[in-house]
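[1] Just a sequence and a predicted model for now, questions to come.
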Amino acid sequence: MDYYLVIWAVVVFVESRVLSGVHYDEMEKAVGFSLPYLRAIFAQCTGQPLARYIMGRRIARAAFDAVHGGDTFLEIAQRYGFSNPDTFTRAFKRVTGVTPADFRRIKPAVGHIKLCAGVYGVSVKLTNGETSQTFFERMKNVNSDVNCNAEKRVSDGSVVLYGVPKVCYGAFGGCTPYPIALKAVANYMGIDLDYEDAIVICGAAFRLVWDTTEWNGGNVDVLLAFDEPSTVFRSGVEALGHEFELLGRDGTASAAEPEKYAMENTASQKDAFIAFIRERIDKGVPVIALGIIGPPEACVITGYRDGGQTLLGWNCFQDSPEFASSVAIDESGYFVTSSWWEIKDTTAVMAMGEKTGGPQPLKAIIERGIMALEGRQSGKYAKGIAAYDAWKKAILDERQFSEDMVVPLQIERLMCQGDGMDCLSDGRTNAYKYFHKLAEKRPEQPLYGRLAEQFAACAAGADKMYRTLGGWERGEAQIKALMKPEIRKRLGELIDECKAADEKALALMKELAAELTADA
């Protein structure tokens, strides 16, 4: 079982019991592992002891109540299980660096942060050794979409591009890392690109994938959208009228001079990656990478230090506790990591090369969408329209669900269900926006409007799935809901509903492709 599922299970367990109290014997039973093992794995993955994390969550909730409520500190202390106000004050100051009274007086903005994938909680980031004034000044910019002013800073063995738009889940209203990263890089380079355009031109808007052999948290990965993994990445760059440059960990290269990156062993592989990154950063071009932190999802490298041994940038997982042990955060908000090569999921780096001409014609984009949406079996994956039946079969298999299952396995099921919903919600919603814009520009072509309607219907079906499970978060309530047969039956009906809408959309796309000319 992957460590991140264990960490996720612990986070869900703790967050749902901050008020009632976290009991280790209950945690062992729910997660399915002994306390010593949980402590070791949690510390290894997050960089902090489990007990300190639990205390931090109690204090974060207490801090939220201190700012947003009128209760006395004695009432808040008792609510979160502190035996007396003095114990509460000492713990509060140890976590935040200030007393509860100072915290309430300053009234910082205490909001929600991502605790792990799909799980959110209130945040407080004051730390010992940092004054409250320094903290509050710094926090004004932590969550901004753009870090610092746009500039390139060069020093000995270091080049950093500042001003690259932030890449994170929710950036630009999207939740698919590659088109988010593509938009961030394009916008930095002066290319006007909306998120709905980015996710459509690369084909990710039309993807749906389901592993027919196991519960696979990688179903959502955009590299599975087509049968050739690099197609989705290449398509996004080439659709913008630029050469696509890629270097894979396995030695594959698609660049102007691939022989420059020839690799003979592990050491030279890393050197080749560093050379690829440095050459483009030195030119002022941010690099899109897969991995660097956490899963092999797209992120953006915005700079390097120590000659390329240390990398900076934006990554959707840079704030995730399960990957925090090897990551620092620069004052700009960029991640800083020197252990990126040791991450097994660091599999490729890619960049926008020289300009080749104008954007790709619409016909090529539509044909790519058809390729992604067409039903087929590719190895162990059902893709496009065919993925719906595989998804439904898995959800309705009663042998795969039980309220007595350990939480990590329940989370695994919820994660796969959630990824399917996210693909439809993010992809089809933005496909709707894309074709709706075309319909407004070209009202004489009715297929644009009809396509928009079908993709909107599919996205609406995904929204119904979220509501059936009790909301879009991946917490304990949603886990318990998914274990109920009647809930899964309803999800099966909604999967069919979404499939019907996508089938109509696929037929319309084929009709549209037949009408468009090669240069349209």
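    Sure thing, it's come through.

[2] any low-confidence regions in the stretch 401-520 of the chain?
    Applying pLDDT under 70 to the stretch 401-520 of the chain flags residues 519-520.

[3] repeat that for 90
    Low-confidence segments of the stretch 401-520 of the chain (pLDDT under 90): 403-405, 407, 471-476, 517-520.

[4] Confidence-wise, which helix or strand of this protein is lowest on average?
    Within the chain, no helix or strand scores below helix 132-142, which has a mean of 33 by mean pLDDT, DSSP states H and E.

[5] gap between residue 445 and residue 350?
    Separation of residue 445 from residue 350 (C-beta to C-beta, to the nearest Å) stands at 34 Å. No exception for glycine: its C-beta is placed from N, CA and C like everyone else's.

[6] Compare these two and say which is more crowded by neighbours.
    More crowded of residue 445 and residue 350, by other C-beta atoms under 10 Å: residue 350, with 28 against 15.

[7] next one: phi and psi at that one?
    Note on residue 350: its backbone torsions stand at phi -150, psi 160 [degrees, to the nearest 10].

[8] tell me which residues form a beta bridge with it?
    Beta-bridge pairing of residue 350 under DSSP bridges involves residue 246, residue 288.

[9] List the contacts of it.
    233, 237, 244-247, 287-289 (C-beta atoms under 8 Å, 6 or more residues apart in numbering).

[10] Buried residues in the helix or strand just after the least confident helix or strand of the chain, which are they?
    Past helix 132-142, further along toward the C-terminus, the next helix or strand under DSSP states H and E is strand 151-155. Judged by neighbour count (16 or more other C-beta atoms under 10 Å), strand 151-155 contains no buried residues.

[11] likewise stretch 378-390?
    Residues of stretch 378-390 classed as buried by neighbour count (16+ other C-beta under 10 Å): 381-390.

[12] Dump those residues into TSV; add distance to residue 33, pLDDT and secondary structure as well.
    As requested, these are exported to TSV (distance: C-beta to C-beta, whole Å; pLDDT from 0 to 100; DSSP: H, G, I helix; E, B strand; the rest coil):
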residue	distance to residue 33	pLDDT	secondary structure
381	30	97	strand
382	32	97	strand
383	35	97	strand
384	38	97	coil
385	40	98	helix
386	37	98	helix
387	32	98	helix
388	35	98	helix
389	35	98	helix
390	30	98	helix
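
[13] how near is residue 276 to residue 282?
    Using C-beta to C-beta, one obtains 11 Å as the distance from residue 276 to residue 282.

[14] Please say which of the two ends up with more neighbours.
    Legend: neighbour count by other C-beta under 10 Å for residue 276 and residue 282, higher for residue 276 (25 against 13).

[15] wait, the more buried one sits on residue 353?
    No - contact criterion C-beta atoms under 8 Å: residue 276 and residue 353 do not qualify, at 11.6 Å.

[16] contacting residues for residue 425?
    175, 459, 462-463, 466.

[17] Which two among those are spaced furthest apart?
    Greatest spacing in the contacts of residue 425, by C-beta to C-beta: 175 and 463 (13.7 Å).

[18] More neighbours: which of these two?
    Taking other C-beta under 10 Å, residue 175 and residue 463 do not tie; residue 175 has more neighbours (20 against 15).

[19] SS state for that one?
    Assigned with DSSP: H, G, I helix; E, B strand; the rest coil, residue 175 falls in the coil class.

[20] how much space between the residue nearest to residue 463 when sequence neighbours are not counted and residue 182?
    Excluding its sequence neighbours, the residue lying closest to residue 463 (C-beta to C-beta, 6 or more residues apart in numbering) is residue 425, at 6.6 Å. Distance from residue 425 to residue 182, counting by C-beta to C-beta: 19 Å.

[21] Now for residue 446, how many residues are close by?
    Neighbourhood size, residue 446 [other C-beta under 10 Å]: 11.

[22] Same check on the one 4 residues further on?
    The criterion is other C-beta under 10 Å. On that basis, residue 450 has 18 neighbouring residues.

[23] Going forward, the N-terminal residue is numbered 607.
    That works, and once the first residue is 607, the last one we named lands at residue 1056.

[24] Now it: which helix or strand?
    Applying DSSP H and E, one finds residue 1056 within helix 1052-1075.
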